[in-house]
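Enquirer: Below are the sequence and a predicted model for it; my questions follow.
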Amino acid sequence: MSKTYVVVAEVRDSKLRQVTLEALNSVALAQEDDDLLAVILMGHQLAAITEQLSQYVAGQIHVIDHIDLGTYNSETYFAAIKDVLDSLNPHVVFLGHTASGRDLAPMIAAYLNAGQLSDVIAIEKADAEVLYTRPLYAGKAFEQKKFIESPQVVTIRPNNIAAATANPSNPQAEVITTDYAPPASLRSIVKDVIRKTSGKVDLTEAKIVVSGGRGVKSSDGFKPLQELAEVLNGAVGASRGACDAGYCDYALQIGQTGKVVTPEIYIACGISGAIQHLAGMSQSRIIIAINKDPEAPIFKLADYGIVGDLFVVVPLLTEEFKKALA
Ligand SMILES: Cc1cc2nc3c(=O)[nH]c(=O)nc-3n(C[C@H](O)[C@H](O)[C@H](O)COP(=O)(O)OP(=O)(O)OC[C@H]3O[C@@H](n4cnc5c(N)ncnc54)[C@H](O)[C@@H]3O)c2cc1C
């Protein structure tokens, strides 16, 4: 019997987040040919994103477009999604393992009486079973799990599963518009979102992250790192040491108590490599460490190590990349 796979799309700053395309590919990895893919798209002024999604989706796109959904709020989003979930009777619901995905997924799981697997980094099929891999103990071990019952809720870690590719020859997606009825009362209202971003590229989705630690010595010390990140179209991150010292905002913190990133390239500048920091970046594909102490623990994990002063090395790298990318 065919099953329904649901992806809860995520929109940020009027753009579809990359992790939604990765969730669409997660469905492709798990589903059988005759299963239905249904995307639920919530937000405000969604016409362009609906159009974009239709290049990826051969099934249904459920659009719930309302001014109250312009900014994520767990109560409004949950109120909006409930009835659509009822009508779809999903086998699996996929969300990004992002701030809002992590918030909404357990609410959906509780509502559907579903099992939940969080922070999945790989999906594979073995015979008829779908196996989900997720990291444990801050990335020191991995477990592979399967569900024994349905419905299921899965959050996927950004930057780990390949993104779906657009297919203009897709059969036209069926776009279904659903009205939004605001709940009678809300316990919280989002008045404003103040984003302390590290630049144009979202830290958790960046392909390249240039991170600074206590070795940058001041907030000005982050400037060369920002320049390098800009040239590489990457994002700037930080260790807690740098955040605690007041050199940068905690929004940049990577690690056990900060953000988890898995970029293609992670450049650690003046970061010693404490276990709590590694918990947030050890799954990066290529790790480059710049540190003046050849005994710094970060070199044990790094694929490439540069022993030197970051204030000399980073500007040199920036210049070379500028030339190479010109
Ligand atoms: C419960 C708990 C949770 C934590 N969570 C996190 C977390 O989420 N993320 C996190 O990062 N930490 C976390 N920590 C803190 C962690 O243990 C470390 O203290 C922190 O990561 C150290 O930051 P750092 O590497 O920037 O600083 P340091 O350990 O002081 O290292 C600075 C490095 O810079 C190098 N350096 C100095 N000057 C230069 C220069 N000019 N050029 C090149 N290199 C230079 C030094 O050789 C040194 O290796 C946590 C700790 C606890 C107890």
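Expert: Sure, I can see it.
Enquirer: Now do the contacts for whatever residue of the stretch 51-200 of the chain ends up closest to the ligand.
Expert: The stretch 51-200 of the chain approaches the ligand most closely through Ala138 (9.5 Å), counting by Cβ to the nearest ligand atom. Where you see a C-beta, it was placed from the backbone N, CA and C, and this is true even at glycine. Going by Cβ atoms under 8 Å, 6 or more residues apart in numbering, Ala138 touches 256, 275-276, 278-279, 282.
Enquirer: again with Ile254
Expert: By Cβ under 8 Å, 6+ apart, Ile254 lies in contact with 203, 209, 211, 237-239, 260-261, 277, 280-281.
Enquirer: Please identify which of the residues you listed is nearest to Thr133.
Expert: Of all those, Thr133 sits closest to Val260, with 14.9 Å by Cβ to Cβ.
Enquirer: can you list the residues of the stretch 101-250 of the chain near the ligand?
Expert: Counting by Cβ under 6 Å from any ligand atom, the residues of the stretch 101-250 of the chain close to the ligand are 213-215, 239-242.
Enquirer: Can you lay out the residues you listed as CSV showing neighbour count, secondary structure and pLDDT?
Expert: Shown next, in CSV, are those (neighbours: other Cβ atoms under 10 Å; DSSP: H, G, I helix; E, B strand; the rest coil; pLDDT from 0 to 100):
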residue, neighbour count, secondary structure, pLDDT
Gly213, 29, coil, 98
Arg214, 18, helix, 98
Gly215, 23, helix, 98
Ser239, 33, coil, 98
Arg240, 22, helix, 98
Gly241, 21, helix, 98
Ala242, 29, helix, 98
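Enquirer: Out of those residues, which is nearest to Tyr250?
Expert: When those are compared for distance to Tyr250 (Cβ to Cβ), Arg240 comes out closest, at 8.2 Å.
Enquirer: That closest one touches Gly255, doesn't it?
Expert: Yes. Judged on Cβ atoms under 8 Å, Arg240 makes contact with Gly255 at a distance of 5.9 Å.
Enquirer: hmm, back to that, does the residue of the stretch 51-200 of the chain closest to the ligand count as helix, strand or coil?
Expert: Secondary structure for Ala138, judged by DSSP: H, G, I helix; E, B strand; the rest coil, is helix.
Enquirer: quick one: it and His277, what's the gap?
Expert: In this view, Ala138 and His277 are 10 Å apart by Cβ to Cβ, to the nearest Å.
Enquirer: Now list whatever residues contact both of the two.
Expert: Common neighbours of Ala138 and His277, using Cβ under 8 Å, 6+ apart, are Gln256.
Enquirer: Can you list the residue ranges for strands in the stretch 151-300 of the chain?
Expert: 152-156, 174-177, 208-212, 235-238, 265-269, 286-291 (DSSP state E, counting those that start in this stretch).
Enquirer: The ones you listed into TSV, with extra columns for distance to Asn167?
Expert: Shown next, in TSV, are the strands of the stretch 151-300 of the chain (distance: least, Cβ to Cβ, whole Å):
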stretch	distance to Asn167
strand 152-156	20
strand 174-177	16
strand 208-212	28
strand 235-238	29
strand 265-269	29
strand 286-291	30
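Enquirer: Present the ones you listed as a markdown table; the columns should include mean pLDDT and mean neighbour count.
Expert: Shown next, in a markdown table, are those (pLDDT from 0 to 100; neighbours: other Cβ atoms under 10 Å):
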| stretch | mean pLDDT | mean neighbour count |
| --- | --- | --- |
| strand 152-156 | 98 | 26 |
| strand 174-177 | 96 | 14 |
| strand 208-212 | 98 | 30 |
| strand 235-238 | 96 | 30 |
| strand 265-269 | 98 | 28 |
| strand 286-291 | 98 | 22 |
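Enquirer: picking that back up, which one of the contacts of Ala138 is nearest Ser150?
Expert: Distances from Ser150 to the contacts of Ala138, taken as Cβ to Cβ, are shortest for Ala279 (31.9 Å).
Enquirer: quick one, what contacts the closest one?
Expert: Per Cβ under 8 Å, 6+ apart, neighbours of Ala279: 138-139, 255-256, 260.
Enquirer: do Lys200 as well
Expert: Contact analysis of Lys200 by Cβ under 8 Å, 6+ apart lists Asn233.
Enquirer: now Thr4
Expert: Neighbouring residues of Thr4 by Cβ under 8 Å, 6+ apart: 35-36, 38, 88-91.
Enquirer: Disregarding flanking residues, what is the spatial nearest neighbour of Asp103?
Expert: Sequence neighbours aside, Ser74 is the residue nearest to Asp103 in space, at 5.2 Å (criterion: Cβ to Cβ, 6 or more residues apart in numbering).
Enquirer: I figured that neighbour hits Pro106, correct?
Expert: No. Under the criterion of Cβ under 8 Å, Ser74 makes no contact with Pro106, lying 9.9 Å away.
Enquirer: JSON lines for the contacts of Ala138, including distance to the ligand?
Expert: As requested, these are exported to JSON lines (distance: Cβ to the nearest ligand atom, whole Å):
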{"residue": "Gln256", "distance to the ligand": "4"}
{"residue": "Ile275", "distance to the ligand": "7"}
{"residue": "Gln276", "distance to the ligand": "3"}
{"residue": "Leu278", "distance to the ligand": "9"}
{"residue": "Ala279", "distance to the ligand": "7"}
{"residue": "Ser282", "distance to the ligand": "12"}
